[in-house]
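Chemist: Sequence first, then the predicted structure, then my questions.
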Amino acid sequence: MERIRVRFAPSPTGALHIGGVRTALFNYLFARKNAGDFILRIEDTDSSRYVEGAEQYIINALKWCGLKFDEGAGIGGPHSPYRQSERKHIYQQYAEQLVDDGFAYYAFDTSEELENARTAGDANGNTFVYNYTTRNSMKNSLSLPAHEVQQYKLQTNNWVIRFRIPVDTTVSVDDLVRGNVSVNTSVLDDKVLWKKNDELPTYHLANIVDDKLMEITHVIRGEEWLPSLPLHILIYNAFKWKQPQFAHLPLLLKPDGKGKLSKRDGDKLGFPVFPLKWTAPDGEISRGYREDGYFPEALINFLALLGWNAGTEQELFSMDELIRQFDLERVVKSGAKFNIDKAKWFNQQYLKTKKNEELAALYMPVLQEKGLNPPPRYVAKVCGLIKERAVFVSDFWDLSYYFFMTPENYDDKAVKKYCNDTSSDILTSISDILSGISDFSAEKTEQAIHSWIELQGMKTGAVMNLFRLAIVGASIGPSMFDIITLIGKKETLFRLETFLWFIQH
RNA sequence: GGCCCGUUCGUCUAGGGGUCAGGACGCAAGGUUUUCAUCCUUGAAACAGGGGUUCGAUUCCCCUACGGGCUACCA
């Protein structure tokens, strides 16, 4: 059986956006599922849109997401090079071959002439299309005598090769997610395949030639490519090449459903559209999922479920589970509006399952920035107590500051709610009891305080909330006894004393 | 405008001729907890409309509406 090979083929025109990540993910899952190859090809045939740093960004982003490619830009492989600008020498012969075989032709129209034809078309109320209806009135090797064609080719440098779309034939393809798609060729236009002025192909030619040369078996890409699918089929046929299988993925839409998510959305929408922070050449900075505190596993899990589902009620998938269960047949046809709340929920789920030590390592820099340098083991214990209350590591400080410093102020509402004339006496008693305990463990302290509360016939809630207020400064956090054990006896007594002074003044 | 693709709770989706139309996020209400969060329970919430076909359509077909994509010597 033929080896499955897929590619992710972005253009280095800026940061890779989140929809691109999803496309890469589906390619990756499909490749792994079928024990095939996943290739990264850089489609940089438009030098005017080239953006410095974009390729490296794409590679870094895929790496962060855990989408390891087997061949491609940066790592090479048997079909090197994987950057189309470095493959420019191979495309012209294919374009010329198409001309020789009658499937394409030379066109000499200047951009002004094309512009004029379009405006003239607009004036008449119809859109200009370069195809069988107009090509004879344009300047090309179909309309011009041979000697003029030669002359143009020799004397000008801005001619192109256009594909000659046949008239009134139906092209139909079986798309792996959409089923049969068919189009009548009369509505297609004679797309430019190759440009003399920069000796480079356009997307359509480069894409097909490279997919053929790189032995790609499945083309999995965004739905925005569906309209050019008939053209691509026609090109494959013209070359007499076996076409790969196609799968067009539904688009990721903006949350309001008005249009697809695009790079230009930056973070105007209130959430990142890029996996990693991106600094554009003009200095504009866009935030990234990584910098916002998302775990790559959470992002991947979230993205995988946008346009695909396992058909079960499972929501949480590791990469291995995704690989095992992925199936193009279960890809949804309709576009998915982006909902960041769900992404947050996934992050929370993954955060909860992280090891305390791992979280501590992530939290440590935050603490150090505040001038704190607690022992890692202590931080790990704190993380263990607060992690299920957080969505991001960046939530940690607000949830755990009191493990690292004596509260500087006390929550007004909590003070009003829990403080009264008996508070001083209660806290003094607690202080006395605790100071008498030498083994300051959660068990021992809890036992001592609870039996005292019981003895006094008081309400546990009232006492504990007051105690919490004194130690934490607010009505938040894990078990009081876990807290005081961690901060220690001395600090606990100090905080009680401090709070006592506060309520007495 | 033309062509293509799509349309199940607010969102992501399951389902598919006869279902109480299921799950998840979010939201609301209870419960657990010394607080917050977690967790548990419950609730509100959907088949775009109209025609067919059929004993029966949310499911199949057609039309309309709406949404999206494409319509470059961009990808």
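Modeler: Good, I have the coordinates. None of the values given here were measured: they were computed from a predicted structure.
Chemist: At the contact with RNA strand B, which residues of the stretch 201-350 of chain A appear?
Modeler: Selection of the stretch 201-350 of chain A residues close to RNA strand B by C-beta under 7 Å from any atom of the strand yields A:202-204, A:206, A:223-228, A:250-251, A:253, A:257-260, A:305-307, A:309, A:311, A:313, A:315, A:330, A:332-337, A:339, A:341-342, A:344-345. (C-beta placed from N, C-alpha, C; glycine too.)
Chemist: Restricted to strands, list those.
Modeler: A:253, A:336, A:337 (DSSP state E).
Chemist: Throw those residues into CSV and include pLDDT, neighbour count and distance to residue A:157, thanks.
Modeler: Listed next are those as CSV, based on pLDDT from 0 to 100; neighbours: other C-beta atoms under 10 Å; distance: C-beta to C-beta, whole Å:
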residue, pLDDT, neighbour count, distance to residue A:157
A:253, 95, 18, 42
A:336, 95, 20, 45
A:337, 94, 15, 47
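Chemist: Pick the one among those closest to residue A:433.
Modeler: Residue A:433 lies nearest to residue A:337 out of these, by C-beta to C-beta, at 56.9 Å.
Chemist: So the closest one is in contact with residue A:258, correct?
Modeler: No. The pair residue A:337 / residue A:258 is not scored as a contact, 9.5 Å apart, by C-beta atoms under 8 Å.
Chemist: Could you tell me which of the residues of the stretch 201-350 of chain A next to RNA strand B are located in helices?
Modeler: Within these, residues falling in helices by DSSP state H are A:203, A:204, A:206, A:341, A:342, A:344, A:345.
Chemist: ok, of those residues, which come out buried?
Modeler: Neighbour-count burial within these applies to A:203, A:204, A:206, A:344; the criterion is 16 or more other C-beta atoms under 10 Å.
Chemist: and of those, the nearest to RNA strand B?
Modeler: residue A:203 (3.4 Å; C-beta to the nearest atom of the strand).
Chemist: For the closest one, give me its contacts.
Modeler: Counting by C-beta atoms under 8 Å, 6 or more residues apart in numbering, residue A:203 makes contact with A:43, A:45.
Chemist: could the ones in helices among the residues of the stretch 201-350 of chain A next to RNA strand B go into JSON lines alongside pLDDT and distance to residue A:447?
Modeler: Shown next, in JSON lines, are these (pLDDT from 0 to 100; distance: C-beta to C-beta, whole Å):
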{"residue": "A:203", "pLDDT": "97", "distance to residue A:447": "73"}
{"residue": "A:204", "pLDDT": "97", "distance to residue A:447": "77"}
{"residue": "A:206", "pLDDT": "98", "distance to residue A:447": "75"}
{"residue": "A:341", "pLDDT": "95", "distance to residue A:447": "42"}
{"residue": "A:342", "pLDDT": "96", "distance to residue A:447": "43"}
{"residue": "A:344", "pLDDT": "97", "distance to residue A:447": "39"}
{"residue": "A:345", "pLDDT": "97", "distance to residue A:447": "38"}
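Chemist: ok, residue A:16 to residue A:74 distance?
Modeler: Distance, residue A:16 to residue A:74, using C-beta to C-beta, to the nearest Å: 14 Å.
Chemist: I'm done for today, thanks for sticking with me.
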